[in-house]
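> The following block contains a protein sequence and its predicted model.
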Amino acid sequence: MFRCGIAYPRCRWIVPLLLLFAIIFDIIAIAATSGWVEDKDAKSHYASMWSQCRGRNDNWECKSLMEFSWAQAVAALMIIGLIILIIAFIISCIALCCTLNISLLPVIGVLLFITVVLQFIALIIYPVRFNDLIFEGHYDYTWAYGFGWGATILCIGCGILFCCLPRYEDELTGLAKTKYIYTSA
């Protein structure tokens, strides 16, 4: 993609693909039945966005976290962020892949930054409030929680790209003249 700069026509396909990866990461984080929090070695306590389970061996007692208002807020923010991300992905496919509609790119960038804010709040609330529930031991935030952060980081990067791409309309359309760094005399 990089060779003395960005190959802008490829951005038309790569940026929506990155949004698709962000959607997949978000779905993994939201749908995971474990993997948000685990005690050391995951032997007696683990949790997802939806529930927490305590026990040993095959004796696990699971309780819903949805009885807590903070957990409901985390779930709502993550799901609303996912919905906005899906809308941004659809608009980006229309704006970049089907036709080149430069005026939609800043709108997509704003939608992505809204998604970032929502998911950032959710991903901060969860560990702060979950730590109030536990009093003993060492806990790790694991793979599914990491997928939530991965989706958020992808949204930050894509949001910046979507806000910057309108400046390079000629490069995106392929109408720009080639700029050479070195010219022979």
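In hand now; what should we look at? Numbers count the residues shown, from 1 in each chain.

> What residues of the lengthiest helix in the chain count as buried?
Counting residues, the longest helix in the chain under DSSP state H turns out to be helix 105-133. For helix 105-133, a neighbour-count test (16 or more other C-beta atoms under 10 Å) marks 105, 108-109, 111-116, 118-120, 122-123, 126, 129-130 as buried. Where C-beta positions appear, they are placed from N, C-alpha and C, glycine not excepted.

> can you map out the strands along this structure?
37-39, 45-47, 51-56, 59-64, 139-141 (DSSP state E).

> Please name every helix or strand in contact with the second one.
Packed against strand 45-47 by the contact rule (3 or more C-beta pairs under 8 Å, 6 or more residues apart in numbering; DSSP states H and E) you find strand 37-39, strand 51-56.

> Could you list the residues in contact with it?
For strand 45-47, contacts defined as C-beta atoms under 8 Å, 6 or more residues apart in numbering pick out 34-39, 52-54, 65, 130, 134, 137, 139.

> Quick one: low-confidence residue ranges for this structure.
Low-confidence segments of the chain (pLDDT under 70): 1-11, 42, 135, 137, 168-185.

> residue closest to the middle of the protein?
residue 151 (1.8 Å; C-alpha atoms, centre = their mean).

> residues in contact with it?
22-23, 25-26, 29, 85, 119.

> which residues touch the closest residue to it other than its chain neighbours?
The shortest distance from residue 151 to any non-neighbouring residue, by C-beta to C-beta, 6 or more residues apart in numbering, is to residue 25 (3.8 Å). Residues counted as contacts of residue 25 (C-beta under 8 Å, 6+ apart) are 147-148, 150-151, 154.

> can you check residue 18 too?
Contacts for residue 18 (C-beta under 8 Å, 6+ apart) come out as 154, 157-158.

> Adding distance to residue 77, write those residues out as JSON lines.
Output for the contacts of residue 18, formatted as JSON lines (distance: C-beta to C-beta, whole Å):
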{"residue": "154", "distance to residue 77": "17"}
{"residue": "157", "distance to residue 77": "20"}
{"residue": "158", "distance to residue 77": "19"}
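
> Report the buried members of those residues.
Buried members of those, scored by 16+ other C-beta under 10 Å, are 154, 158.

> Which ones among the contacts of residue 18 lie within helices?
Here DSSP H is the test, and those give 154, 157-158 as lying in helices.

> circling back to that earlier point, from the contacts of residue 25, which is closest to residue 12?
Residue 12 lies nearest to residue 154 out of the contacts of residue 25, by C-beta to C-beta, at 17.4 Å.

> Name all residues that make contact with the closest residue in space to that closest one that isn't next to it in sequence.
Nearest residue to residue 154 in three dimensions, chain neighbours excluded: residue 22, at 4.0 Å (C-beta to C-beta, 6+ apart). Taking C-beta under 8 Å, 6+ apart as the contact definition, residue 22 lies against 85, 150-151, 154-155, 158.
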